[in-house]
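Peer 1: Structure here, sequence nowhere to be found:
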């Protein structure tokens, strides 16, 4: 053994006295914070260091948490957390060995976060684990701004203090745990006593079935509703094991279910099929809550149940209805498809696959835009926006099959039949369109007959004027006077006759399908020329409001003229006592097109009539064919446009036609 001089011996005696005093002070308290404060004071008394900290292990997370710290300056690292394996303190705890760091600048595992908080440049670190034989409690750590500050002597001192502190810390934690458990038990018992009276008073008046049972299924309490439901007195139920009376498969489910109740997940729901007195079985839904002791053991289950037989039966009926709807969906001859908010196909029936020529698996990778002909894409855009605004749309559009064939289809779309889902039904209308073309020609001939008398009168008037002018010119010639004025007047009247005959022949001849740039204003003015006498005879005042710089559009001129004539004649017929017809044109920007509006001051139409006016052969007039508006709508659809009607009884009716500027209309098939 080494020989010490008197100075060294004095230091050793002082060291041992300090250790003894520290151990006594540490063991004198059961309060964890007081123990840590005492430990701090003794370490600072023995070691003149920059800072001291005590880190305790948080067992649930495995992190080290700074419980106490002392350092110069106002900042503190109390509450700082070190992740498992982070820093020198974690290494000391994991290895259960003192970690002596002479210069932290050379140590790669040193965690610099705490020293940055304290605004210190830590150089020396002494980390001593606080461990018992069975437990890891934490780390006692001393730091200094001077390198090589700690050696073997300081390590022995800190290890000796740590050994004394470990026992005290274990006792303090045990004492705190016992105190907490006693407090919790007293609190639980108090709360149970206070709630018992309220609980029993409330549950007896409930219509829900309420019971409490042990984990083995023995009932400890049932309310009156429970007794009435099972048609048994309380004494015949309490103390009995209800699981034993359940069907074998439900019994096993119940036992397994009870094992899923844990303190972390104390509540669960279960549906069972139970037999009650005088019944063949009823469905019940139970919400069960486990009651646990402080050790997490399941002590009792409180259950609230209700009869859901009617709900189960309704669900069964709904499932049956769903099955029938699915069969209808699969076997109907009309194409049915569900699309989402981006128009992508979500589902499609076999008829949709036949119509489009795509297999279902392929179709579900496409959107509606992928099966619409390129020259009908703008119709799709317009109709989709209108569908979202109005909730339902009906019309015609051109579909392009997988093999490139183009078909005209009638469609009906209904928005939001389910959240984010829209239903589209479609049917091939190509053959019907051929027949409608024939009807269009027939309707044009009918219009010719309707206008014949009026046009004859319009031609007779300028003819009489021509005869008069020629007579005056002949007289002037015989007298040697100038005849230019009379001949010019005759020439203007002949031109007027020519315009009337040309307009009439436009309707009479087989309509051309030539697509050309058309000025809608000029088409309207030609129709006004044809119907001037009828308007005058029926006391209908025309207010014509054309947009001055209306752009031309791609159209079949004859057919647009037929639409305008139909709408104008319908307006005249709607005002038998006379009135005012306002005709307006307007250039629309988004989407780019032309609006044509006919607004009369007639009797108006009720909603039920408005809903049917575009149907074939529907007419409110005694001798009407019921085809005029149907054909007009088809012509407008053929041009990529749409027609809408608004009407108010005793106020009037407005028809609004919208036509796109750049569109290639469909000619006859």
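Peer 2: Arrived safely, thanks for sending. Everything quoted here is computed from the prediction, not taken from an experiment.

Peer 1: Residue 476 - how many residues pack around it?
Peer 2: 16 (other CB atoms under 10 Å). Using the backbone N, CA and C atoms, a C-beta is placed for each residue, glycine as well.

Peer 1: Distance of the spatially closest residue to it that is not a sequence neighbour relative to residue 117?
Peer 2: Distance criterion CB to CB, 6 or more residues apart in numbering; nearest residue to residue 476, sequence neighbours excluded, is residue 483 at 4.8 Å. Per CB to CB, to the nearest Å, residue 483 is found 116 Å from residue 117.

Peer 1: same deal with residue 103?
Peer 2: The separation that residue 103 has from residue 117, given CB to CB, amounts to 21 Å.

Peer 1: so what does the helix or strand that contains residue 187 touch, helix or strand wise?
Peer 2: Using DSSP states H and E, residue 187 maps to helix 152-203. Applying 3 or more CB pairs under 8 Å, 6 or more residues apart in numbering; DSSP states H and E, we find helix 152-203 packed against helix 6-27, helix 32-46, strand 124-131, strand 136-144.

Peer 1: and the angle for that helix with strand 136-144?
Peer 2: Relative orientation of helix 152-203 and strand 136-144, computed by axes from the mean of the first three to the mean of the last three CA atoms, to 10 degrees: 130 degrees.

Peer 1: Let me know the angle separating helix 152-203 from strand 124-131.
Peer 2: Between helix 152-203 and strand 124-131, the angle comes out at 50 degrees (the same axes, to 10 degrees).

Peer 1: can you state the direction angle for helix 152-203 and helix 32-46?
Peer 2: 170 degrees.

Peer 1: Rounded mean pLDDT for the helix or strand following helix 152-203, please.
Peer 2: As assigned by DSSP H and E, the chain's next helix or strand after helix 152-203 is strand 209-213. Strand 209-213 carries an average pLDDT of 90.

Peer 1: quick one: strands adjacent to strand 209-213?
Peer 2: Here strand 209-213 has these sheet partners by DSSP bridges: strand 219-222 (antiparallel), strand 298-307 (antiparallel).

Peer 1: what sits against the residue nearest the centre of the chain?
Peer 2: Central residue of the chain (CA atoms, centre = their mean): residue 420, 6.8 Å from the mean position. Contact analysis of residue 420 by CB atoms under 8 Å, 6 or more residues apart in numbering lists 340, 341.

Peer 1: please redo it, this time with the cut-off set to 10 Å
Peer 2: Residue 420 makes contacts with 339, 340, 341, 342, 346, as judged by CB atoms under 10 Å, 6 or more residues apart in numbering.

Peer 1: Which residue, other than its chain neighbours, is closest to residue 115?
Peer 2: That would be residue 122: by CB to CB, 6+ apart, it lies 4.5 Å from residue 115.

Peer 1: Spatially, and excluding backbone neighbours, which residue is closest to residue 53.
Peer 2: In space, residue 53 is closest to residue 69, 4.1 Å off (CB to CB, 6+ apart).

Peer 1: any idea how far the longest strand belonging to the chain is from the chain center?
Peer 2: Secondary structure of the chain per DSSP state E: the longest strand is strand 406-418. The chain centroid and the centroid of strand 406-418 are separated by 22 Å under CA atoms, centre = their mean, to the nearest Å.

Peer 1: Partner strands of that strand, with direction?
Peer 2: Sheet pairing of strand 406-418 (DSSP bridges) gives strand 392-400 (antiparallel), strand 421-428 (antiparallel).

Peer 1: Of all these, which one is nearest residue 126?
Peer 2: For the strands paired with strand 406-418, proximity to residue 126 was assessed by CB to CB; strand 421-428 is nearest, at 68.9 Å.

Peer 1: where does the stretch 51-200 of the chain dip in pLDDT?
Peer 2: For the stretch 51-200 of the chain, the stretches with pLDDT under 70 are 197, 199-200.

Peer 1: try 80 this time
Peer 2: Low-confidence segments of the stretch 51-200 of the chain (pLDDT under 80): 73-74, 161, 164-165, 167-177, 179, 191-200.

Peer 1: Need the residues that contact stretch 190-199.
Peer 2: 202, 210, 212, 221, 291, 302.

Peer 1: Buried ones only from those, please, as a ChimeraX command.
Peer 2: Applying 16 or more other CB atoms under 10 Å to those, the buried members can be selected in ChimeraX as follows:
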select :210,212,221,302
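
Peer 1: before we move on, the earlier item: now find how far off-centre the helix holding residue 187 is within its chain.
Peer 2: 49 Å.

Peer 1: Helices along the stretch 251-400 of the chain, start to end?
Peer 2: For the stretch 251-400 of the chain, applying DSSP state H, counting those that start in this stretch gives helices covering 309-331, 350-356, 360-363, 377-390.

Peer 1: Now tabulate the strands paired with strand 406-418 in CSV and tack on distance to residue 590.
Peer 2: Compiled in CSV, these are given as follows (distance: least, CB to CB, whole Å):
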stretch, distance to residue 590
strand 392-400, 18
strand 421-428, 22
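
Peer 1: What count of nearby residues applies to the residue nearest to residue 53?
Peer 2: Residue 69: 22 neighbours (other CB under 10 Å).

Peer 1: tell me the contacts of it?
Peer 2: Neighbouring residues of residue 69 by CB under 10 Å, 6+ apart: 40, 51-55, 75-80, 114, 117-118, 141, 143.

Peer 1: Make a PyMOL selection of whichever of these turn out to be buried.
Peer 2: Here is the PyMOL command that selects the buried residues among these (16+ other CB under 10 Å):
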select buried, resi 40+51+52+53+54+55+76+77+80+114+118+141+143
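
Peer 1: ok, now how distant is the nearest residue in space to residue 392 that is not next to it in sequence from residue 379?
Peer 2: Leaving out its chain neighbours, the residue that sits closest to residue 392 by CB to CB, 6+ apart is residue 414, at 5.3 Å. Note on residue 414: its distance to residue 379, by CB to CB, is 18 Å.

Peer 1: and what of residue 610?
Peer 2: Here the criterion is CB to CB. By it, residue 610 lies 23 Å from residue 379.

Peer 1: just residue 208 next, same as before
Peer 2: Distance from residue 208 to residue 379, counting by CB to CB: 57 Å.

Peer 1: can you check residue 317 too?
Peer 2: According to CB to CB, residue 317 stands 41 Å off from residue 379.

Peer 1: Neighbour count for those two, which is higher?
Peer 2: Taking other CB under 10 Å, residue 317 and residue 379 do not tie; residue 379 has more neighbours (23 against 10).

Peer 1: Can you give me the pLDDT of that one?
Peer 2: Note for residue 379: predicted pLDDT of 89.

Peer 1: ditto for residue 623
Peer 2: Residue 623 is given a pLDDT of 58.

Peer 1: just the one 4 residues further on next, same as before
Peer 2: In the prediction, the pLDDT value recorded for residue 627 is 68.

Peer 1: Next: the one 5 residues further on.
Peer 2: In the prediction, the pLDDT value recorded for residue 632 is 85.

Peer 1: how close does it sit to residue 112?
Peer 2: Computed as CB to CB, the residue 632 to residue 112 distance reads 83 Å.

Peer 1: that older thread, buried residues, the longest strand of the chain. List them.
Peer 2: Buried residues in strand 406-418 (16+ other CB under 10 Å): 407, 408, 409, 410, 411, 413, 415.

Peer 1: Hmm, the first one is touching residue 376, no?
Peer 2: Same thing as residue 407. No: applying CB atoms under 10 Å as the test, residue 407 and residue 376 come out as separate, 11.1 Å apart.

Peer 1: Common neighbours of these two, please.
Peer 2: 397, 398, 399, 400.

Peer 1: Could you single out the nearest of those residues to residue 570?
Peer 2: Distances from residue 570 to these, taken by CB to CB, are shortest for residue 397, at 25.6 Å.
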